[in-house]
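Novice: kindly return the folded structure for what I paste below:
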Amino acid sequence: MPPCDFQPSPYTGPEYSWVQNVRKDLLNPALAAHFTKPVLVHQGHMQWLFDHSGKRYLDLFGGIVTVSVGHCHPKVLAAATEQMRKLWHTTNIYLHPKIHEYAKRLTDTLPGDLKVVYFVNSGSEANDMAMMMARLYTGSFDIVTLRNSFHGASPYAAGLTAHNTWKYNFANGFGIHNALNPDPYRGLWGGHRDCVVQSSRVNESQLVDGVCSSAEKYVEQLDEVFTYSIPKGKLAAFFAESIQGVGGTVQFPVGYLKKAFELARSYGGLCVADEVQSGFGRTGEHFWGFEGHGVVPDIVTMAKSIGNGFPLAAVVTTPAVAHTMSKALHFNTFGGNPISSAVGISVLDTIQEDKTQENCHKLGPYFLRRLAELRDKYPIVGDVRGKGLMLGVEMVEDKTTRKPLSAQKIMALWDALKDNGVLVGRGGYYGQVFRIKPPMCITQADVDFAVDVFQCVLDQACSEA
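Specialist: The predicted structure is shown next:
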């Protein structure tokens, strides 16, 4: 394990068994804990987490793609502490400087006419608001998202999310339609993706003038949804993640999103980019994931990395769309409060000063190529993909059929990675994709360590098969 000169403070909290019992008896029973024996996290420092026993872990999941510049980053911590000493909360019925400073700093990162920001508290809340904005602005009701997408779990946003593992049996999703997912690995037509490592199905398509032929076929399917399911010219919005997160780090065929946006606008709809997981430099080449697709959305939703773990989220749109919300009163008690705004400003400063976007751009291709070596060596590694430090490793029973690796085998691998000091997430409908989305401060030594641990765990699993 790479060295770390940080020493955690001694753990003085309740016993592990007591914490487990409280979780079982008093917390949300749907709150699934990661791993067969969950980690009791005590302290964090940059890319490292420490459990109650003092064991150190390389955090490659960043609190579900949320810790952007590092756990307890000293600059962000100082900004929050300084603001807490001055003013915690007033709500925005009064003027306070931080929300105004932050609105300017944040909108300056966005292209075109994306200049009006609404601060909220979570990604689900941001997507809720984007839905409302689009419907009010267009005067239309129907919205289209992609199968395998995740846009939140609140009652309103649950309709956008197209994973039945996240859906309850109650009325939701009225007016929302899910189109065929353009997945170059699992989809009908393979495809080229914007990645230094291509899937085994790349030869099923071709690039013509920078557009993948599979993208054209998926856009035809999207057009059918618009044609058959939506009143003519009455689309409210098309929602898409720049790279699907919970769905398992799925990248679209090259050219798909640009053509999909053009098509959605031809049907009268707004285009919404969900940057909750792919924003703030994580994809490396660009600050926003949608920039890698050559598009400018009408609405952008963002959360997670925006606050490095602090509850903060936002919706940014154009003045014309934003004006729609002035038809009635709208207010968010905590959105853009003084502490969250100070944290948000500090995160932007830290991304720039620590060059975290550049780090993603440099380490992402290196990490992918190292992971591709594992794919080529082990029969259960079906695909590796992603951009920057938003990566996925898809596990399979058989590379030809792409049948997902069984839940039992996945859990054994997941536990073994954790036991060897590497924490990763899981995604995909079957939980078959290891999600690698670390704090953007990791180093090449961390990458090499992580790949060595993956190799050790895969050697053991394949030798027992």
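Novice: can you check the pLDDT for the residue nearest to residue 136 when sequence neighbours are not counted?
Specialist: Computed as CB to CB, 6 or more residues apart in numbering, the closest residue to residue 136 that is not its neighbour in sequence is residue 324, at 4.4 Å. Where C-beta positions appear, they are placed from N, C-alpha and C, glycine not excepted. Reading off the confidence values, residue 324 has pLDDT 91.
Novice: how many neighbours does the closest residue to residue 201 other than its chain neighbours have?
Specialist: Nearest residue to residue 201 in three dimensions, chain neighbours excluded: residue 190, at 3.3 Å (CB to CB, 6+ apart). Summarising burial for residue 190: neighbours were counted as other CB atoms under 10 Å, giving 22.
Novice: now do the SS call for residue 190.
Specialist: Three-state call for residue 190 (DSSP: H, G, I helix; E, B strand; the rest coil): coil.
Novice: am I right that it is in contact with residue 213?
Specialist: No. Between residue 190 and residue 213 there is no contact under CB atoms under 8 Å: 9.5 Å.
Novice: shared neighbours, these two?
Specialist: Here residue 190 and residue 213 have residue 205 as joint contacts, going by CB atoms under 8 Å, 6 or more residues apart in numbering.
Novice: circling back: got the confidence number for the residue nearest to residue 201?
Specialist: The model reports residue 190 with a pLDDT of 94.
Novice: in the protein, which strand is the longest?
Specialist: In the chain, with assignment by DSSP state E, the single longest strand is strand 390-398.
Novice: name every strand pairing with that strand and say which way it goes.
Specialist: Paired neighbours of strand 390-398 in the sheet (DSSP bridges): strand 381-387 (antiparallel), strand 403-404 (antiparallel), strand 433-436 (antiparallel).
Novice: of all these, which lies closest to residue 133?
Specialist: Among the strands paired with strand 390-398, the nearest to residue 133 by CB to CB is strand 381-387 (27.8 Å).
Novice: and the contacts of the closest one?
Specialist: Outside strand 381-387, the residues touching it (CB under 8 Å, 6+ apart) are 185, 193-195, 197, 199-200, 243, 249-251, 283-285, 289, 292, 364, 368, 371-372, 374-375, 391-396, 399, 402, 436, 458.
Novice: ok so, going back, Throw the strands paired with strand 390-398 into a markdown table and include mean neighbour count, thanks.
Specialist: Formatted as a markdown table, the strands paired with strand 390-398 follow (neighbours: other CB atoms under 10 Å):
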| stretch | mean neighbour count |
| --- | --- |
| strand 381-387 | 27 |
| strand 403-404 | 18 |
| strand 433-436 | 28 |
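Novice: I'd like those as TSV, with distance to residue 320 and mean pLDDT appended.
Specialist: Listed next are the strands paired with strand 390-398 as TSV, based on distance: least, CB to CB, whole Å; pLDDT from 0 to 100:
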stretch	distance to residue 320	mean pLDDT
strand 381-387	31	98
strand 403-404	44	98
strand 433-436	37	98
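Novice: in TSV, list those along with distance to residue 103.
Specialist: Listed next are the strands paired with strand 390-398 as TSV, based on distance: least, CB to CB, whole Å:
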stretch	distance to residue 103
strand 381-387	28
strand 403-404	44
strand 433-436	31
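Novice: out of those, flag the one nearest residue 308.
Specialist: strand 433-436 (18.3 Å).
Novice: packing partners for the next helix or strand after the closest one?
Specialist: Next helix or strand after strand 433-436 toward the C-terminus (DSSP states H and E): helix 444-464. Helices and strands touching helix 444-464, by 3 or more CB pairs under 8 Å, 6 or more residues apart in numbering; DSSP states H and E, are strand 56-59, helix 356-377, helix 407-419, strand 422-423.
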